[in-house]
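>>> Here is my input; please provide its structure:
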Amino acid sequence: MNEEILKALNKQLNQELQNAYLYLSMAAFFDERSLTGFSHYFKVQAKEELGHAMKFYEYIVDRGGAVELYDVPAPSKKWSSIMDAIREFYDAEVSNTKRIWELVNIARKHEDKATEAFLQWFINEQVEEEKNASELLAKVKLIGDNVAAILTLDRALAERK
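You can find the predicted model right below:
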């Protein structure tokens, strides 16, 4: 595998771990506020990100590359509001989409069809991830500080599988 591609794949593997860490921190933030539905939502999200990291891990190994794990910086742990936390979630997903597209461009530059095909799953996944984050952000914006509506949304988020 081309060295630039390997480096970029390892960087993305580590970014997926960083996102999992961020979402776990968000879960803790919501648990501290007894918003267990929000917390559940972000625990599920953190597990998904770990799954994404493992997909990169397995692909790198399958292609004969060396997996390189980096230090994962501590994520945010305090947000001033539900809105701020959800906005950071949305921004993280938008940034992740950009990184996936950058990976696709690197694969195309080196005519690595296998990596480009591998990344197709992530392109589709990021469409779903951005949609989910965007919808949650829109709901939280609409709700504002309405406690009854926040608790209703919290109950709905607890149903996420």
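
>>> ok now do the nearest residue to residue 87 once chain neighbours are set aside, which residues does it touch?
Once flanking residues are discounted, residue 87 sits nearest to residue 137: 6.3 Å by C-beta to C-beta, 6 or more residues apart in numbering. To be clear about C-beta, it is placed using only N, CA and C from the backbone, and glycine gets the same treatment. For residue 137, the contacting residues are 86-87, 89-90, by C-beta atoms under 8 Å, 6 or more residues apart in numbering.

>>> Return the subset of the residues you listed lying in helices.
If you go by DSSP state H, the contacts of residue 137 have 86-87, 89-90 in helices.

>>> need these in JSON lines with neighbour count, can you?
Formatted as JSON lines, the ones in helices among the contacts of residue 137 follow (neighbours: other C-beta atoms under 10 Å):
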{"residue": "86", "neighbour count": "22"}
{"residue": "87", "neighbour count": "16"}
{"residue": "89", "neighbour count": "23"}
{"residue": "90", "neighbour count": "20"}
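
>>> JSON lines for the contacts of residue 137, including distance to residue 58 and pLDDT?
Below are the contacts of residue 137 laid out as JSON lines (distance: C-beta to C-beta, whole Å; pLDDT from 0 to 100):
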{"residue": "86", "distance to residue 58": "31", "pLDDT": "97"}
{"residue": "87", "distance to residue 58": "32", "pLDDT": "97"}
{"residue": "89", "distance to residue 58": "26", "pLDDT": "97"}
{"residue": "90", "distance to residue 58": "28", "pLDDT": "98"}
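
>>> Nearest to residue 143, out of these: which one, please.
Distance to residue 143 across these (C-beta to C-beta) is lowest for residue 86, with 10.4 Å.

>>> Next, work out how far apart the closest one and residue 136 are.
Going from residue 86 to residue 136 by C-beta to C-beta, to the nearest Å gives 6 Å.

>>> Equivalent analysis for residue 70, please.
Noted for residue 70: a distance of 29 Å to residue 136, by C-beta to C-beta.

>>> And those two? Which one has more around it.
Using other C-beta atoms under 10 Å as the criterion, residue 70 and residue 136 rank with residue 136 on top: 17 against 12.

>>> Contacts only, for the more buried one.
41, 86, 89-90.

>>> May I see those residues arranged in TSV, with distance to residue 151 as well?
Putting those into TSV (distance: C-beta to C-beta, whole Å) gives the following:
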residue	distance to residue 151
41	14
86	16
89	19
90	22
